[in-house]
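Trainee: The following comprises the amino acid sequence and a computationally predicted model.
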Amino acid sequence: MRNIVVDLGKNSYPIYIEEGLLNHASDYILKDYPDRRIMIISDDNVYPLYGDILERQFAEKTFCTHFVLPHGETTKNFQSLPKIYEAMLDAKISRSDLVIALGGGVIGDLAGFAAASFLRGVNLIQIPTSLLAQVDSSVGGKVAVDLPQGKNLVGAFYHPKMVLIDPSVLNSLSDHFLKDGMGEVIKYGCIKDASLFKKLESFTSYDDLKTELTDIIARCVDIKREVVEHDQFDKGERMLLNFGHTLAHTIEQYYHYERESHGEAVGIGMYQISLLAEAKGLTKPGCAKRILDVLTKYELPVTCGLPLSNLTEAITLDKKNLNHHLNIILLKDIGDSYIYPTDAAFFDQPGLSV
C-alpha cells in the first residue's frame, strides 16, 4: 500500500495505491463517509468489468446506484450532463452524498464536472481504471467537458475527497490503452524526472515495464502531487504538466477525437514541439531523438501527417493562452522543463507537417 497525500489545506485528500484495492474499496470510502447515498458513474466498457464488484460492497450498508454512459471522448460534452443530473435527482443525491467516478479520463472529467456543478458541489471520489487516468487525470482536481472548438474548454478545479488506484485493473486492458497511458508516463520523465525517463529507456519490452508498473504509477502521482501543491490553479509551475498538450489537443480536435487517442497525441506533441524547439536553440540537441526512441519503443506514434498550419487556429484557443500570450512547455533537457512565453507565431512554419 502506498498512501500519498495531496496537501492543499482544506482541499487536501489522500491517494491510495494498492494491487487489489478495488476489491475492498468500500473500507476506505465508508470509513470516512458512512451513511451517504452513492452514485457510481461509469461507462459501458468499465462498468461490466468492475461495477458489480464495487457496488456489491455497499449492499446492506448504504444506498448505492449507478449510471452508465457510452465510452469515448465524444461522450464528454454538455449533452451528457442533463442525463447525469437527472439520474442524480432520481437517486436523491444531496450535497453531503458521494459521486464515484469509476473509469478512465473521460469518466473522471465528466463525472467530476457533474459533481462540481450539481447542487454547487457533491463529494467526489475518483477510482481510475486506465493507466492514463491513474498517473494523471484523476489527480489534481481538473474536471471538464469539451466544446466543438476544443478540448476541456469548460471546466472547474474541483478536488476529489480521495483517489483509489488499483494497478491490477490494468491487466484487463488491451495493449492500446496501456500504450495510451504511456504517453503521460513518458511526459513525467521528460518534465521532472530524468531517472524515470532513463528507466523507461532501459526496459526492453512491456513485460519488463509491467514488473515495476505500480512503482512507476506511484512516482508519476507523486510528481503531480508536488506540482499541484505548488500551483493549484494552473497559472505557473502546474503548466509544466501540459508538455506536448498544445499540439496534442489540436490533433485530437482536428480528427474529432476519433483517430489519435490522448496519450498518442501527447506523444506526437512532445516529439514535434521538441523538434521545433531544438531548431530554435531552445532545447538541448538530442532531446527530441531520445523522445522519439522511447515513444517508438512503447509503440506510440510520433507524427500525424498534418500540415502545422491546419492546427494554428485551434492553438490560439488553447487554455495556456494567458493575457493573449501563449505559454508553451519546452525542455531544457530531459527531466528539466520550463514555461516559454510566446504566441501562435511560434508554430508558423510554412510547409511543415507534424
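Mentor: It's in.

Trainee: How about residues contacting the helix or strand hosting residue 100?
Mentor: Applying DSSP states H and E as the criterion places residue 100 in strand 98-103. Residues from elsewhere that reach strand 98-103 (Cβ atoms under 8 Å, 6 or more residues apart in numbering): 29, 33, 36-43, 45-47, 50-51, 54, 71, 88, 93, 107-108, 110-112, 114-115, 118, 122-130, 133, 138, 160-161. Every residue, glycine included, has its C-beta placed from N, CA and C.

Trainee: After the least confident helix or strand in the chain by mean pLDDT, heading C-terminal, what element do we hit next?
Mentor: Every helix and strand of the chain was ranked by mean pLDDT, DSSP states H and E. The lowest is strand 321-322, at a mean of 52. Following strand 321-322 in sequence order, the next helix or strand is strand 325-333 (DSSP H and E).

Trainee: Report the next helix or strand after that next one in sequence order.
Mentor: Counting by DSSP H and E, what follows strand 325-333 is strand 336-342.

Trainee: quick revisit: how far does the strand holding residue 100 sit from the chain's center?
Mentor: Computed by Cα atoms, centre = their mean, to the nearest Å, the chain-centroid distance of strand 98-103 equals 15 Å.

Trainee: Mind checking what helix or strand follows that strand in sequence?
Mentor: For strand 98-103, the following helix or strand on the C-terminal side (DSSP H and E) is helix 105-117.

Trainee: so that next one versus strand 98-103, what angle?
Mentor: Orientation of helix 105-117 against strand 98-103 (axes from the mean of the first three to the mean of the last three Cα atoms, to 10 degrees) gives an angle of 160 degrees.

Trainee: Remind me what helix 105-117 packs against, helices and strands.
Mentor: strand 38-43, helix 81-90, strand 98-103, strand 123-128, strand 142-147, strand 150-157 (3 or more Cβ pairs under 8 Å, 6 or more residues apart in numbering; DSSP states H and E).

Trainee: same thing but 6 Å
Mentor: strand 98-103, strand 123-128, strand 142-147 (3 or more Cβ pairs under 6 Å, 6 or more residues apart in numbering; DSSP states H and E).

Trainee: Just send those strands back as JSON lines, with mean neighbour count and distance to residue 253 too.
Mentor: Output for those, formatted as JSON lines (neighbours: other Cβ atoms under 10 Å; distance: least, Cβ to Cβ, whole Å):
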{"stretch": "strand 98-103", "mean neighbour count": "28", "distance to residue 253": "22"}
{"stretch": "strand 123-128", "mean neighbour count": "26", "distance to residue 253": "23"}
{"stretch": "strand 142-147", "mean neighbour count": "22", "distance to residue 253": "8"}
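
Trainee: and the ones you listed, which one's lowest on average pLDDT?
Mentor: Comparing mean pLDDT across those, the weakest is strand 142-147, with a mean of 92.

Trainee: Now for the residue nearest to the spatial centre of the chain: which residues touch it?
Mentor: Central residue of the chain (Cα atoms, centre = their mean): residue 137, 2.6 Å from the mean position. Counting by Cβ atoms under 6 Å, 6 or more residues apart in numbering, residue 137 touches 105, 108.

Trainee: repeat that for 10 Å
Mentor: 101, 104-109, 112, 126, 128, 130, 143-144, 184, 224, 262 (Cβ atoms under 10 Å, 6 or more residues apart in numbering).

Trainee: Show me how far the helix or strand where residue 288 lies is from its chain's centre.
Mentor: Using DSSP H and E, residue 288 sits within helix 287-297. A distance of 21 Å separates the centroid of the chain from that of helix 287-297, by Cα atoms, centre = their mean.

Trainee: got the angle between it and strand 325-333?
Mentor: Between helix 287-297 and strand 325-333, the angle comes out at 80 degrees (the same axes, to 10 degrees).

Trainee: In helix 287-297, which residues are buried?
Mentor: For helix 287-297, burial by neighbour count (16 or more other Cβ atoms under 10 Å) applies to 287, 288, 290, 291, 292, 294, 295, 297.

Trainee: And for stretch 299-317?
Mentor: Neighbour count says stretch 299-317 has 300, 301, 302, 304, 306, 308, 311, 312, 314, 315 buried, by 16+ other Cβ under 10 Å.

Trainee: still on that earlier bit, as CSV, the helices and strands packed on helix 105-117 with distance to residue 58 would be great.
Mentor: Formatted as CSV, the helices and strands packed on helix 105-117 follow (distance: least, Cβ to Cβ, whole Å):
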stretch, distance to residue 58
strand 98-103, 10
strand 123-128, 12
strand 142-147, 23
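
Trainee: What's the local residue count around the residue nearest to residue 2 when sequence neighbours are not counted?
Mentor: Spatially, and ignoring its direct neighbours in sequence, residue 2 is nearest to residue 17 (4.2 Å; Cβ to Cβ, 6 or more residues apart in numbering). When neighbours are counted by other Cβ atoms under 10 Å, residue 17 registers 21.
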